[in-house]
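Chemist: Need coordinates for the below:
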Amino acid sequence: MHGTYYRFIVEKPVRQILDATHRITNGDFKVRIEPIHVLGKRNELDIIIDNFNKMAEELSSIETLRTDFISNVSHELKTPLSIIQNYAALMQDENTTDLERKEYSKSIYETSQNISKLVTNILKLNRLENQKIFLETKSYNLSNQLAECLLSFEHIWENKNIDIKVDIDENIMLNADEELTSIIWNNLYSNAFKFTEANGTVSVQAKSNKNSIIVSVSDTGCGMNKETGKHIFEKFYQGDTSHATKGNGLGLALVKRIIDIMNADIYIESSLGKGTTFTVKLDTQKMKNI
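Modeler: Numbering: from 1, shown residues only. Model prediction:
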């Protein structure tokens, strides 16, 4: 009974996922996995299949991708898809315990989420580079936005016991596209927390004057050398490969493109072993002409 149940519940969807991941890594973005609702219920594998199909559908819809960009996308997908393949293969082993299978399923789910984030960033960057995003500017409270974006990383700083230092002027008002600017802060925060080790410090500062707003995000992480700093805003570039599984090399490319669209500036100060500071200068006079 257990073997029949195992084959019905696990083996068929896992085999489909394995086959589909092989096809995706070979550049076949038309592949889809048929939904499987075992006994009328949804489980982790159903969610993984939904995420996979969404990823494949979005990738196949990007008709403007150049050959070299497709090559980079395929390369970036290989690592997480290999992780899914390895865990899926382990799940097919009938000697795997239910507890182990649950852990493998969790790892597959988390990796599929990372793939979804990669595809989302690819789509955003593609639309920005092809000018398919129209700015929806309005006046909003930047101070609140910076704080709210920061709070979304609370679970990370608590788990790593990271000290948070905040120095944000109250009620800084900004006339800009609120959704796009949130992408800037979320990516800068994500980068800071990714490279800051346990018991480190992440600092956020925002100051406003008559003609500009200066926002800085600093960390006490590993820092970067000058060569890495020269390429840090390039698509898929990852200077520290030891952290490559935690990102996809697109976040800062997105940030730079949005900064350019907003007629703003971004600067980097970094020292190996000491940390990095990203500073965004928003020229409020220039931004009125967007």
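
Chemist: now the strands for the stretch 101-250 of the chain?
Modeler: 137-141, 163-168, 173-177, 201-208, 212-219 (DSSP state E, counting those that start in this stretch).

Chemist: For the ones you listed, give me CSV that also has mean neighbour count.
Modeler: C-beta: built from backbone N, CA, C; applies to glycine. Shown next, in CSV, are the strands of the stretch 101-250 of the chain (neighbours: other Cβ atoms under 10 Å):
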stretch, mean neighbour count
strand 137-141, 13
strand 163-168, 13
strand 173-177, 19
strand 201-208, 19
strand 212-219, 21
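
Chemist: Let me have these in a markdown table, extended by distance to residue 280 and mean pLDDT.
Modeler: As requested, the strands of the stretch 101-250 of the chain are arranged in a markdown table below (distance: least, Cβ to Cβ, whole Å; pLDDT from 0 to 100):
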| stretch | distance to residue 280 | mean pLDDT |
| --- | --- | --- |
| strand 137-141 | 16 | 93 |
| strand 163-168 | 13 | 97 |
| strand 173-177 | 11 | 92 |
| strand 201-208 | 9 | 97 |
| strand 212-219 | 5 | 97 |
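
Chemist: how about those, which one is nearest residue 156?
Modeler: Between residue 156 and these, the tightest spacing by Cβ to Cβ is seen for strand 201-208, at 9.5 Å.

Chemist: How far away from the center of its chain is the closest one?
Modeler: 22 Å (Cα atoms, centre = their mean, to the nearest Å).

Chemist: Can you list the strands that that strand pairs with?
Modeler: When pairing is defined by DSSP bridges, strand 201-208 lines up against strand 163-168 (parallel), strand 212-219 (antiparallel).

Chemist: and the longest one with strand 173-177, angle?
Modeler: Right, strand 212-219. Inter-element angle recorded for strand 212-219 and strand 173-177: 80 degrees (by axes from the mean of the first three to the mean of the last three Cα atoms, to 10 degrees).

Chemist: What ranges in the stretch 101-250 of the chain fall below the confidence cut-off?
Modeler: Applying pLDDT under 70 to the stretch 101-250 of the chain flags the ranges 114, 117-118, 121-122, 124-126, 128-134, 235-250.

Chemist: what sits against residue 280?
Modeler: 184, 188, 214, 215, 216, 259, 264, 265, 266 (Cβ atoms under 8 Å, 6 or more residues apart in numbering).

Chemist: Excluding chain neighbours, give the residue nearest to the second one in space.
Modeler: For residue 188, ignoring the flanking residues on the chain, the nearest one in space by Cβ to Cβ, 6 or more residues apart in numbering is residue 217 at 4.3 Å.

Chemist: Over to the first one?
Modeler: Nearest-residue entry for residue 184: residue 255, 5.2 Å, with adjacent residues in sequence omitted and distances by Cβ to Cβ, 6+ apart.

Chemist: what's around the one you found, how many residues?
Modeler: By other Cβ atoms under 10 Å, the residues close to residue 255 number 22.

Chemist: ok, the contacts of residue 280 vs residue 104, which is closest?
Modeler: Among these, residue 188 lies closest to residue 104 (Cβ to Cβ), at 33.4 Å.
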